[in-house]
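Engineer: coordinates only, sequence not included:
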């Protein structure tokens, strides 16, 4: 573990809005606590990173592999019509990448999800169901370590 990872702390807004699911080699995987959409967030564990170019070349490549792996597999297990993958950072400066499973029947379709409808928190049972799906999918993949 390098110094930047040791200094890493999840931004308070992400910590308040999300459930930690586990760690890939570079990123922490979060579930946004909004059951309106299967919405996941990857946060590189690098202190001070606000843009992808703040990561080393190697970390950038690994992050893209983690993101592509996650998006592809989320699309499969949640039967997505479309995957929305974005890094905005306008409200939360810490580098993070949203992975949102979209359906033509979701409450915001076809518009962006931000601010469309109030968040509906997951129940404990729903969180465990999501964890179960992901842990089965990620077992042994990309060195994912569940929390």
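Structural biologist: Thanks, I have it. In this text, all values refer to a predicted model and were calculated from it rather than measured experimentally.

Engineer: state the mean pLDDT of stretch 132-143.
Structural biologist: For stretch 132-143, the mean per-residue pLDDT is 83.

Engineer: run the chain-centre distance for it.
Structural biologist: Offset of stretch 132-143 from its chain centre (C-alpha atoms, centre = their mean, to the nearest Å): 14 Å.

Engineer: and the next element down the chain from the longest helix seen in the chain?
Structural biologist: Under DSSP state H, the helix in the chain containing the largest number of residues is helix 57-77. Scanning forward in sequence from helix 57-77 by DSSP states H and E, the next helix or strand is strand 82-86.

Engineer: what comes into contact with that following strand?
Structural biologist: Applying C-beta atoms under 8 Å, 6 or more residues apart in numbering, the contact partners of strand 82-86 are 67, 71, 74, 75, 97, 98, 99, 100, 101, 102, 112, 113. (Glycine included, C-beta is placed from N, CA and C.)

Engineer: unless I'm mixing things up, the last one is touching residue 39, no?
Structural biologist: Right, the one you point to is residue 113. Yes - assessed by C-beta atoms under 8 Å, residue 113 is found in contact with residue 39 at 7.3 Å.

Engineer: report the central residue of the protein.
Structural biologist: In the chain, the C-alpha nearest the mean C-alpha coordinate belongs to residue 41, at 1.6 Å (C-alpha atoms, centre = their mean).
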